[in-house]
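Engineer: give the three-dimensional model of this entry:
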Amino acid sequence: MELRFCPACAAPLVERADEGEGGKVRLACPDGHWTHWDNPLPVLAALVEVDGRILLARNAAWPEKTFALITGFMERGETPEQGVARELKEETNLDADEVRLIGVYEFIRKNEVIIAYHVKASGEIRLSPELLEYRLIEPQRLRPWRAGTGYAMADWMRARNLPVEFIDWPGNAAGNASKASK
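Structural biologist: I've put the predicted structure just below:
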């Protein structure tokens, strides 16, 4: 969404150097009513383990054979742990039995900060309409990608002394998904 007008007074926004922020240029109301900070959004990611295997899912917008972790945005009033459990339930119908932080990762291309968790889950997998299919992969067969949640997967693998072999998302070396075989 492109912001063009002040939400307080409807004046056209201007680019203005923020004196208190080392001169960083931001969109702002010329009369000082409002500043667009454009801060990164917190995104939650779940490396989901079900019966010793890792669940990867394909988003409806992605090419065939392209799979990734379960992700979603935090909502007001929830902790990151509650949010990742909620996203897991909404997108896969699985219950989060154990939730442990893997780490926090930048995803500058999308202006996001990813908070990644290892989630041990149980239940019957039923995908939401935004996900087309899933795969359950043996941990040693995972192939992380060179961006965002791929780095979380690689860190999780290294912590378990698993070899890490990076791959690129088809057609986009800065992508956020993985080709994974059954």
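
Engineer: what's the spacing between the residue nearest to Asp95 when sequence neighbours are not counted and Ala85?
Structural biologist: Excluding its sequence neighbours, the residue lying closest to Asp95 (Cβ to Cβ, 6 or more residues apart in numbering) is Gly123, at 4.8 Å. Every residue, glycine included, has its C-beta placed from N, CA and C. Distance of Gly123 to Ala85, given as Cβ to Cβ, to the nearest Å: 12 Å.

Engineer: cool, Trp62 as well?
Structural biologist: 24 Å.

Engineer: these two: which has the busier surroundings?
Structural biologist: It is Ala85, of Trp62 and Ala85, that has more neighbours when counted by other Cβ atoms under 10 Å, with 22 against 18.

Engineer: in the sheet, who's paired with the nearest residue to that one once chain neighbours are set aside?
Structural biologist: Of all residues not flanking Ala85 in the chain, Ala96 sits nearest, at 3.8 Å (Cβ to Cβ, 6+ apart). Taking DSSP bridges as the rule, Ala96 bridges to Ala121.

Engineer: what's the answer for the one 10 residues further on, then?
Structural biologist: With DSSP bridges as the criterion, the beta-bridge partners of Glu106 are Val113.

Engineer: model confidence score at it, please.
Structural biologist: pLDDT recorded at Glu106 is 95.

Engineer: picking that back up, for burial, what's the neighbour tally of the residue nearest to Asp95?
Structural biologist: Gly123 has 14 nearby residues by other Cβ under 10 Å.

Engineer: returning to what we had before: what is in contact with Gly123 and Ala85 at once?
Structural biologist: When Cβ atoms under 8 Å, 6 or more residues apart in numbering defines a contact, the residues bordering Gly123 and Ala85 alike are Asp95.

Engineer: what about the strands in the chain?
Structural biologist: Here the chain has its strands, by DSSP state E, at 14-18, 24-28, 35-36, 41-50, 53-59, 66-67, 70-73, 95-107, 112-122, 131-137, 178-179.

Engineer: how close does the residue of the chain most remote from its centre sit to Phe166?
Structural biologist: In the chain, counting by Cα atoms, centre = their mean, Asp31 sits farthest out from the average C-alpha position, at 36.1 Å. Using Cβ to Cβ, Asp31 is found at 49 Å from Phe166.
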